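Visitor: With the input below, show me the fold.
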Amino acid sequence: MDTYVGKLGSKIFFSVAIFMILVQNSSSTAVEVSGDENLETLVENVADHLSYSSSNYGVYEMGDFGDEPWTMVQKKGNQFVVNDKPFYVNGFNTYWLMVFAVDQSTKGKVSEVFQQAASVGLTVCRTWAFNDGQWRALQKSPSVYDEEVFKALDFVVSEARKYKIRLILSLSNNWEGYGGKAQYVKWGKEAGLNLTSDDDFFSHPTLRSYYKANVKTVLNRVNTFTNITYKEDPTIFAWELMNEPRCTSDPTGDKLQSWIQEMAVYVKSMDPKHLLEIGLEGFYGPSTPDKVQFNPNTYAQQVGTDFIRNHQVLGVDFASVHIYADSWISQSVTDAHLDFTKSWMQAHIEDSEKYLGMPVVFGEFGVSSKDNGYNSSFRDTFISTVYKILLNSTKKGGSGAGSLLWQLFPDGADYMDDGYAIVLSKSPSTSNVIALQSTRLMMFNSMCAWNCRWGCHKKHPLDAFLFHDDL
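Guide: This next block holds a predicted model:
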């Protein structure tokens, strides 16, 4: 971290720390008068610091406001909590961490991306805990593992803990990257099974047993760096059944629903402590014909997924939704992308509150630099739009629990870029948008945990900073 960034991080933390001390140590009478004035001044100072950081990407240093126990993230109603305090998520995706950690020449990039993420206050990373039958495979064949790759995953988990970043670990892939369901079907065919579609992954009992055996191995893994079993490690925020599951061979959704039901119960029976999510993109399906109007296109309701029905399965703790207007609507940047994003997010937040009673995390969202008409200003506007909608939900105590950018890259990993990579050191304006959201959520989490006179839902001077429209 460069000298200026370090100093800036210290200023931010000093300001917020003073804020916390001021509120915690003031009587209700004192806070009523002079306390509010101090708060207003402090809010202005924090905002000024953030604005002044336009040419730098770090506002956080490692550490937090105290040495609180590193405990499991839990769900209370439609919110996440840690140590009985709200935990709203500002996070990111970097899917390739395990593979990079295998090779000594790229292992340092894992630490680098965590360090840079922590520098802008990101607290959750979603990454792959699978690589099936491919180059540097974790699972070389059913229930046969490469110990060196497993040690690499151990390193990822232990390194995340050092930077106080929690992990959502995905257990398989709908797509062929890193093996996915196609690899399981290939293994089944090699074992003599009569399989005709990659979607047989969801229905054939042998392939289901392959998946469950792998889940059992991963959850019961003892980390060689920390000596903590994965299913006991608070660094893991949640398990994800699969990245973007689809079952196009059965548009009714019954086949995928059956798979989700079996696997959710199986994971929870083995690990009741961690949260669990499915990994869905969020498309509405046959069970809610009045909702399909929110889908980005008519094809979305034919891929075998069903947002509300799928998330009503026993064992699923929170909803997952992805946002890719540039893939689903058009590859040309337009304000229609922003309009879709607003309606898409609001529909899922409302449905998570009304029908599911659980938090919803927008687990992937981004804009590709390969889009026609792309520019960094539009990307900042898009990210700010997502953040603003979540802040509005937060203010109301709603189900909008957080988001994960797709995707964060360290310097020197450009050859892995799919067009969506954000390199903080090269994207100062985007970094500021991210850091501002992190600061707002951090302060809101802390504010709601205190026994202040205003509570979480009453107006107070921080409203101007926490929920101002101009992100």
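Visitor: For the residue lying closest to residue 132 once chain neighbours are set aside, give its distance to residue 445.
Guide: The shortest distance from residue 132 to any non-neighbouring residue, by Cβ to Cβ, 6 or more residues apart in numbering, is to residue 179 (2.8 Å). (Glycine included, C-beta is placed from N, CA and C.) If you measure residue 179 against residue 445 using Cβ to Cβ, to the nearest Å, the figure is 37 Å.
Visitor: And the two? Which one has more around it.
Guide: Shown here are residue 179 and residue 445; by other Cβ atoms under 10 Å, residue 179 has more neighbours (22 against 18).
Visitor: Next one, pLDDT for the more buried one please.
Guide: For residue 179, the pLDDT comes out at 98.
Visitor: and it, what does it touch?
Guide: Going by Cβ atoms under 8 Å, 6 or more residues apart in numbering, residue 179 touches 130-134, 137, 139, 172-173.
Visitor: Mark which of those are part of helices, please.
Guide: Among the contacts of residue 179, no member is found in helices (DSSP state H).
Visitor: List just the nearest of those residues to residue 164.
Guide: Of all those, residue 130 has the smallest distance to residue 164: 24.7 Å, by Cβ to Cβ.
Visitor: Could you measure from the closest one over to residue 203?
Guide: Relative to residue 203, and taking Cβ to Cβ, residue 130 is found at 20 Å.
Visitor: the more surrounded of those two?
Guide: More neighbours surround residue 130 than the other of residue 130 and residue 203, with 24 against 18 (other Cβ under 10 Å).
Visitor: Tell me the buried residues in stretch 307-316?
Guide: For stretch 307-316, the neighbour count (16 or more other Cβ atoms under 10 Å) marks 307-313, 315-316 as buried.
Visitor: do the same with stretch 138-150
Guide: Judged by neighbour count using 16+ other Cβ under 10 Å, the buried positions of stretch 138-150 are 138-139, 142, 145, 149-150.
Visitor: need those residues in a markdown table with distance to residue 358, can you?
Guide: Converted to a markdown table, those look like this (distance: Cβ to Cβ, whole Å):
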| residue | distance to residue 358 |
| --- | --- |
| 138 | 30 |
| 139 | 30 |
| 142 | 33 |
| 145 | 33 |
| 149 | 33 |
| 150 | 32 |
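Visitor: Just put the residues you listed in TSV and tack on distance to residue 115 and pLDDT.
Guide: Output for those, formatted as TSV (distance: Cβ to Cβ, whole Å; pLDDT from 0 to 100):
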residue	distance to residue 115	pLDDT
138	25	98
139	29	98
142	37	98
145	29	98
149	23	98
150	24	98
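Visitor: Which residue ranges of the stretch 1-150 of the chain form strands?
Guide: 74-76, 79-82, 85-86, 89-93, 124-128, 139-141, 144-145 (DSSP state E, counting those that start in this stretch).
Visitor: Minimum distance to residue 117: which of those has it?
Guide: strand 89-93 (5.9 Å).
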